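Colleague: sequence and predicted structure are below.
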Amino acid sequence: MTSRPSFAERLLAWYDESHRDLPWRRSRDPWAIWVSEVMLQQTRVEAVRESYARFLERFQQPADFACASDDELHAAWRGLGYYRRARLLRDGARAVVLLHGGNVPTDAEQLGELPGIGAYTRGAVGSIAFGLPLTAVDGNVERVAARHRALRTDIKKKPAQVQVRAIAEQWLDRARPGDFNQALMELGAMVCTPRSPRCGQCPVAGDCRARRLRIAAELPVRGERHAMTLVQARAVIVAVRGGVLAQRVPEGEPNAGQLELPSPGALCSVDLEDLPKLLHDRCGIHFAIGLPLATVRHAITHHRITLVAHAAEAMGRGSLQAHLPDDPEVPWTTLARKVFAKLNNTRPDFGA
DNA sequence: AACTCGGGGAG
DNA sequence: CTCCCAGAGTT
């Protein structure tokens, strides 16, 4: 009786035949791989495509990014979200400069000790850039493993995580670990998708338990999600020479360090009558509030924000500074940019 | 173990 | 609308 090709053999044959030609798959430079892996954390491939080449051109080596300013960092990361990832990547780049002479360490343990590099990124960079026999378990791998073995326990809980690790370890092709890890993720992204999996195209469908049980689309099992919190926020638009007044988002709040329109906070529900006092508390300035100019919606983590931006005049400036609304180098929050975009649509003279 | 961080595209 | 994505750090 001839045995079926191994899981890795079938997967790699499929990958060699049909994988996407993505920019980071054309490089074996550990810094380029690292950057791509961090950008891809919780972020779609198409969103990363746009930022990736530009980032690497601006920051060709860890040492280049290690000395980036906060505003440079923000400009390079704009549109990707999770800006903390970028700061951790910079921390990691600084550690590489300080501890390893500017070269990404080829040792798995040293790799894993760098800021921002957890188990997944260590496995991805180590296997892809250096050929180390490490697994790289991400959401795709969790899903493929849960389905192939019909794991019905909560995929994010410890027991399932341990099982998925063991399965990936067993599957891993130690001759081509980097290609294997990418192939597993490619399968999750293109075939074993969260909804409507394309089992007919799957190279390992033959021994997939979930498919045999016809429960592939129901796996993996996830726990209850955090309920959405509705927020009715308000902000003011104060047009001055040189742009509009902006405040820095304080540390400890989402988007810390970026610029927002003066407001009691993007996650703070506000009645119109309370707005002047709350603004004074936050900015130390008295504002005369005018009519609403724009209403925009935005979602951040588990908050659903409806922001009303009012025309206003400021009695003094305090610590607020004027910035140009449409300058891509200014670290406006996405929420603020949505307001500007709306104003440009409804009042075409606004940006000028 | 639970919670936090952004944003957008698919279904 | 809802869900999920090449996760990691903090508490």
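Modeller: Yep, it's here.
Colleague: neighbouring contacts of the lengthiest helix in chain A?
Modeller: Identified as the longest helix of chain A according to DSSP state H is helix A:83-100. The contact list for helix A:83-100 (Cβ atoms under 8 Å, 6 or more residues apart in numbering) reads A:34-35, A:38-39, A:41, A:62-63, A:65-66, A:68, A:73-74, A:76-77, A:80, A:102-105, A:110, A:114-117, A:255, A:257-258. C-beta coordinates here come from the backbone N, C-alpha and C atoms, glycine included.
Colleague: equivalent analysis for stretch A:180-187, please.
Modeller: Under Cβ under 8 Å, 6+ apart, the answer for stretch A:180-187 is A:8, A:11-12, A:14-15, A:19-20, A:25, A:123-124, A:127-128, A:135-136, A:138, A:140-141, A:144, A:168, A:171-173, A:202-204.
Colleague: ok, the nearest residue to residue A:118 once chain neighbours are set aside - how many residues close by?
Modeller: Excluding its sequence neighbours, the residue lying closest to residue A:118 (Cβ to Cβ, 6 or more residues apart in numbering) is residue A:112, at 7.6 Å. Neighbourhood size, residue A:112 [other Cβ atoms under 10 Å]: 17.
Colleague: next one: phi and psi at residue A:112?
Modeller: Backbone torsions for residue A:112, taken as degrees, to the nearest 10, come to phi -70, psi -10.
Colleague: how about residue A:240?
Modeller: phi -130, psi 170.
Colleague: okay, it: pLDDT?
Modeller: Note on residue A:240: pLDDT of 95.
Colleague: repeat that for residue A:303.
Modeller: On the pLDDT scale, residue A:303 is placed at 93.
Colleague: distance of residue A:235 relative to residue A:24?
Modeller: Distance, residue A:235 to residue A:24, by Cβ to Cβ, to the nearest Å: 38 Å.
Colleague: name the residue in those two with the higher neighbour count.
Modeller: Ranked by neighbour count (other Cβ under 10 Å), residue A:235 and residue A:24 place residue A:235 first, with 25 against 22.
Colleague: next step: the contacts of stretch A:180-187 restricted to helices.
Modeller: Of the contacts of stretch A:180-187, the ones assigned to helices by DSSP H are A:8, A:11-12, A:14-15, A:123-124, A:127-128, A:140-141, A:144, A:168, A:171.
Colleague: now do residue A:94 against residue A:63, distance only.
Modeller: Separation of residue A:94 from residue A:63 (Cβ to Cβ) stands at 9 Å.
Colleague: burial of the residue in the stretch 101-250 of chain A that DNA strand C sits nearest to, as a residue count?
Modeller: Of all residues in the stretch 101-250 of chain A, residue A:118 sits closest to DNA strand C, at 2.7 Å by Cβ to the nearest atom of the strand. By other Cβ under 10 Å, 11 other residues sit near residue A:118.
Colleague: likewise the one 3 residues further on?
Modeller: Around residue A:121 sit 24 other residues, with neighbours defined as other Cβ under 10 Å.
Colleague: does it belong to a helix or a strand, and which?
Modeller: helix A:119-130 (DSSP states H and E).
Colleague: in the helix or strand hosting residue A:322, what counts as buried?
Modeller: Residue A:322 belongs to strand A:321-323 when assigned by DSSP H and E. By 16 or more other Cβ atoms under 10 Å, the buried positions in strand A:321-323 come out as residue A:323.
Colleague: following it, which helix or strand shows up next?
Modeller: Defined by DSSP H and E, the subsequent element after strand A:321-323 is helix A:334-346.
Colleague: how far is that following helix from where the chain is centred?
Modeller: Chain-centre distance of helix A:334-346: 22 Å, with Cα atoms, centre = their mean, to the nearest Å.
Colleague: on that earlier part again, show me the contacts for the residue nearest to residue A:118.
Modeller: A:118-119, A:122.
Colleague: ok, 10 Å please
Modeller: By Cβ atoms under 10 Å, 6 or more residues apart in numbering, residue A:112 lies in contact with A:105, A:118-119, A:121-123, A:125-126, A:134.
Colleague: show the buried residues in those.
Modeller: A:105, A:121-123, A:125-126, A:134.
Colleague: reformat these as CSV; add pLDDT.
Modeller: Output for the buried ones among the contacts of residue A:112, formatted as CSV (pLDDT from 0 to 100):
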residue, pLDDT
A:105, 97
A:121, 97
A:122, 97
A:123, 97
A:125, 97
A:126, 97
A:134, 97
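Colleague: shaky segments in the stretch 251-352 of chain A?
Modeller: Applying pLDDT under 70 to the stretch 251-352 of chain A picks out residues A:351-352.
Colleague: could you redo the last one with a cut-off of 90?
Modeller: Across the stretch 251-352 of chain A, the ranges flagged by pLDDT under 90 are A:251-252, A:301, A:345-352.
Colleague: host element of residue A:233?
Modeller: strand A:229-237.
Colleague: who are the packing partners of that strand?
Modeller: Here strand A:229-237 touches strand A:243-248, helix A:275-283, strand A:286-300, strand A:303-315, helix A:334-346, going by 3 or more Cβ pairs under 10 Å, 6 or more residues apart in numbering; DSSP states H and E.
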